[in-house]
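Novice: what would the 3D arrangement of this be:
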Amino acid sequence: MIPDTDHQITIAIDGFSSCGKSTLANDLANQLGYVHIDSGAMYRAVTLYLLQNQISLHHAAAVDDALQKIEITFQLAGSEVHTFLNNVDVENEIRSIAVSELVSPVAAISAVRSNLVKQQRSMGENKGIVMDGRDIGTVVFPDAELKLFMTASLNVRITRRTLELQDKGLVATREQIERSITERDRIDSSRTDSPLRQADDAIVIDNTNLTRQQQLKTAHNLAIKKILYH
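Specialist: Numbers count the residues shown, from 1 in each chain. Next comes the predicted model:
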């Protein structure tokens, strides 16, 4: 339960692929009565649009034009928040291996990052938000009151990603998933524009051996302290 207070904060959760960022962000937002925004889903939606329309990442003008035609929203679908691309539910499609293998190169395009960061900042203007991604605490909300950085072992990340795909009826080999994750790590950490890195004031949560409930309890306690005493 959240204390009886009108003071809301911004919570930024960063980390590598398949470290449980979105799961924690969604659970934490639900507990606090906050809004959860999955920034990674936004980059995936842009990637899906480029794939569907056969737009080359190297054609800057075409990418710029595409960004003007893309509307990304989030809507409740049962108990889960789904990503909508131009009013179409694409939650399953954006989790495919094809999108996963291309999303980091797309996210490295400065025009794409500039466009989505602007939208993300707008979404968080009134605080009361939990946003997860790779540059939330360093670029999107550098003044966020609470910054968390998620880590987990590669083996655990591969297993989680495999189960996520299976739950959505998508198929990929463990080798494909490992290659996708390690390549995304490399690109995300080395890109020139807003590389993935731990913010200096971020609190690290290694959830390799934590249950979903344990990591939520840890994050919730940290959030309550910030809300009460910041």
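Novice: switch to C-alpha atoms for all contacts and neighbour counts from now on
Specialist: Noted.
Novice: which strands and helices sit next to the strand or helix carrying Arg160?
Specialist: Secondary-structure assignment from DSSP states H and E places Arg160 in helix 154-167. For helix 154-167, the elements it packs on are helix 174-190, judged by 3 or more CA pairs under 8 Å, 6 or more residues apart in numbering; DSSP states H and E.
Novice: the lowest-mean-pLDDT helix or strand in the chain packs against which elements?
Specialist: Every helix and strand of the chain was ranked by mean pLDDT, DSSP states H and E. The lowest is strand 72-77, at a mean of 87. Here strand 72-77 touches strand 80-85, going by 3+ CA pairs under 8 Å, 6+ apart.
Novice: what's the angle from the strand it packs on to strand 72-77?
Specialist: With axes from the mean of the first three to the mean of the last three CA atoms, to 10 degrees applied, the angle from strand 80-85 to strand 72-77 works out at 150 degrees.
Novice: give me the mean pLDDT for strand 80-85.
Specialist: Summarised as a single mean, pLDDT over strand 80-85 is 90.
Novice: which residues does the least confident helix or strand of the chain contact?
Specialist: 37, 42, 45, 81-87 (CA atoms under 8 Å, 6 or more residues apart in numbering).
Novice: again with stretch 112-124
Specialist: So stretch 112-124 is contacted by 10, 39, 42-43, 64, 67, 106-107, 140-141 (CA under 8 Å, 6+ apart).
Novice: do that again at 10 Å, thanks
Specialist: 9-11, 35-39, 42-43, 46-47, 63-64, 66-68, 72, 106-107, 110-111, 127, 129-131, 135-136, 139-141, 193-194 (CA atoms under 10 Å, 6 or more residues apart in numbering).
Novice: restricted to buried residues, select these in ChimeraX.
Specialist: ChimeraX command restricting these to the buried ones, with burial defined by 16 or more other CA atoms under 10 Å:
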select :9,10,11,35,36,37,38,39,42,43,46,47,63,66,67,72,106,107,127,129,130,131,135,136,139,140,141,193,194
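Novice: quick one on the thing from earlier: the least confident helix or strand of the chain pairs with which strands?
Specialist: Here strand 72-77 is paired, per DSSP bridges, with strand 80-85 (antiparallel).
Novice: follow-up on the earlier one: buried residues, the least confident helix or strand of the chain. List them.
Specialist: In strand 72-77, counting by 16+ other CA under 10 Å, buried: 72-74.
Novice: so who does Glu93 touch?
Specialist: Contact analysis of Glu93 by CA under 10 Å, 6+ apart lists 44-45, 48, 83, 99, 168, 170.
Novice: quick one: buried ones out of the residues you listed?
Specialist: When the contacts of Glu93 are checked for burial by 16+ other CA under 10 Å, the buried set is 44-45, 48, 83, 99.
Novice: between which two of those is the distance greatest?
Specialist: Based on CA to CA, the longest span within those runs between Thr83 and Val99 and measures 14.0 Å.
Novice: give me the subset of the contacts of stretch 112-124 lying in strands.
Specialist: 10-11, 35-38, 72, 129-131 (DSSP state E).
Novice: rewinding a little: nearest to Asp201, of the contacts of Glu93?
Specialist: For these, the nearest to Asp201 is Arg44 (27.5 Å; CA to CA).
Novice: from Ile224, how far off is the closest one?
Specialist: With distances taken as CA to CA, to the nearest Å, Arg44 is found 31 Å from Ile224.
Novice: tell me the one of the ones in strands among the contacts of stretch 112-124 nearest Gln52?
Specialist: Using CA to CA, Ile72 is the member of the ones in strands among the contacts of stretch 112-124 that lies nearest Gln52, at 15.3 Å.
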